[in-house]
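S.K.: the following comprises the amino acid sequence and a computationally predicted model.
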Amino acid sequence: MNPRHFTFTAGDLGAWRIREIRTVKGDPLAPANRLQITNDIGTETGTWALHGVTSNERYVNQGEKDQLVARQEGLGRPIATHAALIPIRKTAGWWSLTQDRRREILEEQSGHIETGIRYLPAIARRLHHCRDLATEEPFDFLTWFEFSPADEPRFEELLGALRATREWDHVDREVDVRLTRID
Ligand code: HEM
């Protein structure tokens with residue numbers, strides 16, 4: 001079992017109740033009641049299952065990293081009973097760009113990291129990559145966020161800001177799954 005590998009299985013099991021599935025762009029994901037998060041690969045049976053791995057950072061510079069480390073909090077906080085799983089796919093055009101060009105769009109043009117840092121520590125996050133797995137995956141990233149119910153409006157504000165950026169011109173599929181932890 002690879003501790004960096006995560007499977008998100010939607011069905012009738014799991015510690016998270018699915019409140020809503022909003023299709024932001026592209027094909028939807030089927031409705032389901034619960035979401036289970038495991039480190040398994042493969043044999044899950046659910047309405048749908050998405051796979052991703054945590055990885056090294058690609059874009060962040062030292063100054064940004066220092067700010068992130070100083071401000072961010074981990075997953076699993078008792079107060080953070082709400083969550084969002086937002087799978088995202090980017091265009092072939094995005095992936096044909098060089099690393100420096102992608103960083104320029106993500107940060108210099110879109111301010112993704114600078115904006116995101118303003119929402120720490122309220123929002124805790126984990127980014128999973130899907131492109132380099134052995135199986136063909138429907139998304140390039142699985143983004144996972146945890147926050148308190150009181151901070152959900154701020155999370156909406158953050159999403160609104162990010163979705164209005166040049167970076168999001170390169171997003172061609174996005175689904176927003178909202179969840180509540182079952183205690
Ligand atoms: C909570 C505040 C947020 C912070 C502090 C934050 C920070 C970051 C950082 C530092 C990276 C770059 C990682 C690297 O160097 O490889 C990143 C990448 C990414 N973030 Fe965020 N982010 C936040 C919110 C969001 C939200 C709300 C979404 C989407 C709904 C999102 C989607 C992504 C995606 C898809 C990537 C990968 C981009 C790529 O590699 O092309 N982030 N984020």
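M.R.: Okay, I see it.
S.K.: helix, strand, or coil at residue 56?
M.R.: Under the three-state scheme (DSSP: H, G, I helix; E, B strand; the rest coil), residue 56 adopts coil.
S.K.: that one and residue 98, how far apart?
M.R.: As defined by Cβ to Cβ, to the nearest Å, residue 56 lies at a distance of 18 Å from residue 98. Any C-beta I mention is one placed from the backbone N, CA and C, and that applies to glycine too.
S.K.: equivalent analysis for residue 180, please.
M.R.: Taking Cβ to Cβ as the measure, residue 180 falls 41 Å from residue 98.
S.K.: these two: who's more crowded?
M.R.: When neighbours are counted by other Cβ atoms under 10 Å, residue 180 comes out ahead of the other of residue 180 and residue 98, with 13 against 8.
S.K.: chain neighbours aside, what residue packs nearest to that one?
M.R.: Spatial nearest neighbour of residue 180, chain neighbours left out: residue 17 (5.0 Å); criterion: Cβ to Cβ, 6 or more residues apart in numbering.
S.K.: now the helices for the protein?
M.R.: In the chain, helices defined by DSSP state H lie at 62-71, 92-96, 99-103, 112-117, 152-163, listed in chain order.
S.K.: distance to the ligand added to these, as a markdown table?
M.R.: Conversion of the helices of the chain to a markdown table gives the following (distance: least, Cβ to the nearest ligand atom, whole Å):
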| stretch | distance to the ligand |
| --- | --- |
| helix 62-71 | 6 |
| helix 92-96 | 7 |
| helix 99-103 | 6 |
| helix 112-117 | 2 |
| helix 152-163 | 5 |
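S.K.: winner for burial among the ones you listed?
M.R.: Here the criterion is mean neighbour count by mean count of other Cβ atoms under 10 Å, and of the helices of the chain the winner is helix 112-117, at a mean of 16.
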